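Novice: Fold the following, please.
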Amino acid sequence: MISIKTREEINAMRESSRVVKETLEYIGSIIRAGMSTKEVDAKAHEFILKCGAIPSCLGYCGYPAATCISVDDMVVHGIPSDDIIIKEGQIVSVDLCAYANGFHGDGARTFAIGQVSPEKEKLVKVTKECFFEALKVVGDGVSLGTIGNVIQRHAEANGFSAVRKLVGHGIGREMHEDPNVPNFGVRGTGIRLKTGMVICIEPMINAGTHQVDFLSDGWSVVTRDGKPSAHYENTVAITEDGVEILTL
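Specialist: Down below sits the predicted model:
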């Protein structure tokens with residue numbers, strides 16, 4: 001069932017979304033080669049708590065960390081570890097959620113560590129562009145198929161592919177709510193957005209094939225061909241005044 005938020009509820013969601021925004025900005029300012037992904041997670045966890053919020057991911061369906069940190073060919077849901085040391089030339093996606101005022105906020109960014117290859121640099125840039133290209137068509141009455149199609153076409157026009165096995169989602173009092181928000185699709189098909197809906201649009205774009213594999217830890221997802229992947233996500237509200245990115 002899709003939750004339609006009131007103006008007051010969307011206002012309440014601004015706090016958790018602000019924490020997500022500021023935490024991602026903080027991580028972007030400190031992440032560097034030589035850090036373990038566990039160290040990055042610990043700093044994000046501490047920052048979220050200092051903001052007066054709770055990390056939504058921690059304990060969600062048994063997930064053991066405050067963030068998901070995915071390096072190079074890991075698409076999403078990488079479990080932070082002391083054994084994973086970030087290296088120069090890698091791209092690192094950090095996905096996190098925060099809970100405050102009874103609501104969740106969700107966002108993700110992919111960070112380039114030092115000097116990265118031209119392919120990785122372009123992949124990170126295009127993934128972010130996919131989000132903003134989609135945002136141009138978001139609004140009351142627009143179908144989710146149209147949003148997904150815009151993302152898919154922009155990725156493919158740049159020689160990349162949009163992941164199909166993983167999608168964005170609604171968000172509110174629960175971290176994951178209806179509807180699913182795919183990064184591929186056919187224009188004019190699927191559920192249509194309505195004023196009061198809040199969704200997470202999150203392009204997951206691969207340098208190679210769109211196909212992915214799920215690892216035995218039950219969380220981590222990697223590209224099937226071992227090529228890099230990037231992730232960019234924001235929490236977006238469809239309001240009476242238009243469209244607002246709550247995590248920017």
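Novice: Give me the number of neighbouring residues for Arg109.
Specialist: 24 (other C-beta atoms under 10 Å). Placement of C-beta: from N, CA and C, glycine included.
Novice: Which of the helices or strands spans it?
Specialist: strand 103-112 (DSSP states H and E).
Novice: Could you list the buried residues of that strand?
Specialist: Neighbour-count burial for strand 103-112, counted by 16 or more other C-beta atoms under 10 Å, picks out Phe103, His104, Gly105, Asp106, Gly107, Ala108, Arg109, Thr110, Phe111, Ala112.
Novice: From Met175, how far out is the third one?
Specialist: As judged by C-beta to C-beta, to the nearest Å, Gly105 and Met175 stand 9 Å apart.
Novice: what do these two both touch?
Specialist: Both Gly105 and Met175 are contacted by Cys97, under the criterion C-beta atoms under 8 Å, 6 or more residues apart in numbering.
Novice: on that earlier part again, using neighbour counts, pick out the buried residues of the helix or strand just after the strand holding Arg109.
Specialist: On the C-terminal side of strand 103-112, the closest following helix or strand by DSSP H and E is helix 118-135. Residues 120, 122-124, 126-131, 133-135 are the ones in helix 118-135 that count as buried (16+ other C-beta under 10 Å).
Novice: nearest to Asn149, of the residues you listed?
Specialist: Nearest to Asn149 among the buried residues of helix 118-135: Ala134, at 9.2 Å, using C-beta to C-beta.
Novice: and the closest one, what pLDDT?
Specialist: pLDDT recorded at Ala134 is 98.
Novice: was I right about it contacting Asn149?
Specialist: No: under the criterion of C-beta atoms under 8 Å, Ala134 is not in contact with Asn149, lying 9.2 Å apart.
Novice: need the buried residues of helix 118-135 in TSV with distance to Asn206, can you?
Specialist: Output for the buried residues of helix 118-135, formatted as TSV (distance: C-beta to C-beta, whole Å):
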residue	distance to Asn206
Lys120	12
Lys122	13
Leu123	8
Val124	12
Val126	11
Thr127	10
Lys128	15
Glu129	15
Cys130	12
Phe131	16
Glu133	17
Ala134	17
Leu135	21
